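Asks: Next one to model:
(one chain, ligands or ions: 1)
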Amino acid sequence: MPEESQQLRPEGLEDVAALESGAIVHGLRFPRGFEWGAATSAYQVEGGLDATDWSEWERQPRGGCVEAAGDAVDHYHRFGEDIALLADLGLTAYRFSIEWSRVQPRDGEMDEGALDHYEAMVEACHAAGLSACVALHHFTNPLWVSRDGGWENPRTVDLFTSFCTAVARRLGPKLDRAITINEPNMPPLLGYLLGRFPPGKRDPQARERVTRHFLRAHEQVRDVLSDHTDAPVGMALAMVDWQLVDGGEEHLQQLRGPREDVFLQVARDDDYIGVNTYTRHRVGRHGFMDVEEGVELTHMGYEFWPDALEATVRRAAGETRRPVVVTECGIGTKDDARRIVFIAATVRGIHNCLAAGVDVRGYHYWSALDNFEWNHGYAPQFGIVAVDRTTQQRRVKPSGRFLGRIARDAGLP
Ligand code: IFM
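Replies: So this is what the prediction gives:
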């Protein structure tokens with residue numbers, strides 16, 4: 001059930017009333033109803049999760065994790081405060097994920113209390129005036145699933161679908177946007193080819209199998225969700241701005257095909273395509289090229305390249321012909337002034353897309369809160385809200401106020 005796509009001119013962009021109501025600031029106008037959000041994922045913020053493949057992985061020396069997630073930022077107990085903070089800033093949406101291992105802690109067992117919890121989160125969003133964009137998978141799997149072969153086992157596709165069916169029955173009518181799987185291209189790559197995520201394999205065939213299973217799961221879950229919700233359903237795909245340098249054509253095809261193209265193809269039948277973008281990759285005659293001399297690096301070691309977002313959004317729209325939502329875009333840095341520059345540049349990039357007729361429906365900054373950045377632990381700071389992990393006190397950063405002001409004015413201050 002595709003979301004109505006007016007690919008060429010999103011509502012509000014040429015709307016005089018929108019101009020008069022202040023939807024333009026310094027020449028940048030956004031359609032009315034454009035989603036301005038911030039995102040998190042359960043494992044990275046909730047705390048207290050110890051029955052997942054990630055909680056096992058982060059304790060293993062071969063996992064190469066600098067620390068464990070532990071209590072994270074206690075979002076499980078503080079979601080109300082956090083949602084209110086985002087709403088006070090002026091944002092209009094919150095993106096979060098549902099932790100499978102809470103809802104189904106053991107094979108065949110359903111924890112209705114966990115569903116109550118996530119329902120309360122959706123309701124808290126609505127009470128605060130935010131729409132709820134909810135992902136059903138964000139990297140982690142219950143231990144009982146991973147110990148039974150995880151995503152290499154075709155049974156996982158059905159297990160995941162049945163978990164999603166339970167969620168859809170309970171929450172479907174209340175959702176505003178649904179993400180089946182966050183970055184279904186990353187676990188196959190990082191967990192089965194590069195050995196950096198659980199289960200730590202380096203096996204091209206396993207990567208292919210897992211990719212197929214994620215794609216099938218996405219399609220099944222999309223259908224289940226669509227039966228229970230009017231909210232648009234899609235995936236959030238990790239994309240980079242692939243830049244071709246002298247003679248790298250073949251490498252580019254080989255690298256990008258299994259990472260992005262196979263997923264974009266399936267997304268043609270979705271309601272929208274979610275785009276997660278952080279940087280660019282240059283590909284030359286020998287494959288990946290080193291970072292370019294003189295280009296600033298983020299805390300993650302990749303290039304500060306905010307223009308990547310405009311490039312990936314245009315490519316996602318062109319390849320899928322679906323409306324686009326920026327489901328993640330952010331920067332890990334201790335220098336919040338650089339975050340402001342990054343946000344301004346990426347928002348401008350989205351505006352360029354809109355002005356060119358690309359149907360973009362929203363921008364979710366990653367992340368709402370400083371949080372657990374997987375193997376890197378808590379050092380990279382992606383949040384627009386800082387958290388003191390000894391007291392769990394929150395402090396809004398200037399970048400949070402900056403993004404909030406854009407959202408309130410629907411333009412670039
Ligand atoms: O923190 C991650 C998130 O879990 C998935 N997308 C990229 C983010 C930043 O690295």
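Asks: Return the residues of the stretch 151-300 of the chain in contact with the ligand.
Replies: Listed as neighbours of the ligand in the stretch 151-300 of the chain under the rule C-beta under 6 Å from any ligand atom: 183, 276. For glycine as for every other residue, the C-beta is placed from the backbone atoms N, C-alpha and C.
Asks: which residues sit in contact with F214?
Replies: 151, 181, 184-185, 187-188 (C-beta atoms under 8 Å, 6 or more residues apart in numbering).
Asks: One more pass at 7 Å, please.
Replies: Shown in contact with F214 (C-beta atoms under 7 Å, 6 or more residues apart in numbering): 151, 181, 184, 188.
Asks: what's the answer for R169, then?
Replies: H228.
Asks: Just to be sure, it is in a helix?
Replies: Yes: assessed with DSSP: H, G, I helix; E, B strand; the rest coil, R169 lies in a helix.
Asks: okay, it: pLDDT?
Replies: Predicted confidence (pLDDT) for R169: 98.
Asks: Need the residues that contact stretch 375-388.
Replies: 38, 64-67, 73, 85, 196, 299-300, 330-334, 365-373, 389, 394-397, 399-400, 403.
Asks: Return the members of these classed as buried.
Replies: Buried members of those, scored by 16 or more other C-beta atoms under 10 Å, are 38, 65, 73, 85, 196, 299-300, 330-333, 365-373, 389, 394, 396-397, 399-400, 403.
Asks: Just the buried residues of stretch 380-391, please?
Replies: 380-387, 389.
Asks: related to what we said a few turns ago, mind putting the contacts of F214 into a markdown table with neighbour count?
Replies: Putting the contacts of F214 into a markdown table (neighbours: other C-beta atoms under 10 Å) gives the following:
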| residue | neighbour count |
| --- | --- |
| W151 | 27 |
| I181 | 28 |
| P184 | 24 |
| P188 | 26 |
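Asks: Sitting in strands, which of those residues do you find?
Replies: I181 (DSSP state E).
Asks: could you dump the contacts of F214 to CSV with pLDDT?
Replies: Converted to CSV, these look like this (pLDDT from 0 to 100):
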residue, pLDDT
W151, 98
I181, 99
P184, 99
P188, 98
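Asks: what's the closest of the contacts of F214 to R315?
Replies: Comparing the contacts of F214 against R315 with C-beta to C-beta places P184 closest, at 17.3 Å.
Asks: Which helix or strand contains the nearest residue to that closest one once chain neighbours are set aside?
Replies: Closest residue to P184 apart from its sequence neighbours, by C-beta to C-beta, 6 or more residues apart in numbering: F214 at 4.0 Å. Using DSSP states H and E, F214 sits in helix 204-228.
Asks: Helices of the stretch 51-200 of the chain, residue ranges please.
Replies: Secondary structure of the stretch 51-200 of the chain (DSSP state H, counting those that start in this stretch): helices at 53-57, 75-89, 100-103, 112-127, 143-146, 155-171, 186, 192.
Asks: With V360 as the reference, name the closest of the ones you listed.
Replies: When the helices of the stretch 51-200 of the chain are ranked by proximity to V360 (C-beta to C-beta), helix 75-89 comes first, at 20.5 Å.
Asks: Only the buried residues of the closest one, if you could.
Replies: 75-76, 78-79, 82-83, 85-87, 89.
Asks: go on, stretch 228-241?
Replies: 228-229, 231-241.
Asks: you'd agree E296 is up against F304?
Replies: Yes: look at E296 against F304 with C-beta atoms under 7 Å: they come within range, at 4.2 Å.
Asks: Between those two, which is the more surrounded one?
Replies: F304 (18 against 10; other C-beta atoms under 10 Å).
Asks: ok, now which ones touch the more buried one?
Replies: Counting by C-beta under 7 Å, 6+ apart, F304 has contacts 296-298, 331.
Asks: swap the cut-off to 10 Å and go again
Replies: For F304, the contact set (C-beta atoms under 10 Å, 6 or more residues apart in numbering) comprises 278-279, 295-298, 331, 333, 338, 341-342, 345.
Asks: Filter those down to the buried ones and hand me the ChimeraX line.
Replies: Selecting the buried subset of those in ChimeraX, with 16+ other C-beta under 10 Å as the burial test, is done by:
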select :278,279,298,331,333,338,341,342,345
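Asks: Now pLDDT and secondary structure too, for the contacts of F304, in JSON lines please.
Replies: Listed next are these as JSON lines, based on pLDDT from 0 to 100; DSSP: H, G, I helix; E, B strand; the rest coil:
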{"residue": "Y278", "pLDDT": "98", "secondary structure": "strand"}
{"residue": "T279", "pLDDT": "98", "secondary structure": "strand"}
{"residue": "V295", "pLDDT": "97", "secondary structure": "coil"}
{"residue": "E296", "pLDDT": "97", "secondary structure": "coil"}
{"residue": "L297", "pLDDT": "97", "secondary structure": "strand"}
{"residue": "T298", "pLDDT": "97", "secondary structure": "coil"}
{"residue": "I331", "pLDDT": "98", "secondary structure": "coil"}
{"residue": "T333", "pLDDT": "98", "secondary structure": "coil"}
{"residue": "R338", "pLDDT": "94", "secondary structure": "helix"}
{"residue": "V341", "pLDDT": "91", "secondary structure": "helix"}
{"residue": "F342", "pLDDT": "94", "secondary structure": "helix"}
{"residue": "A345", "pLDDT": "91", "secondary structure": "helix"}
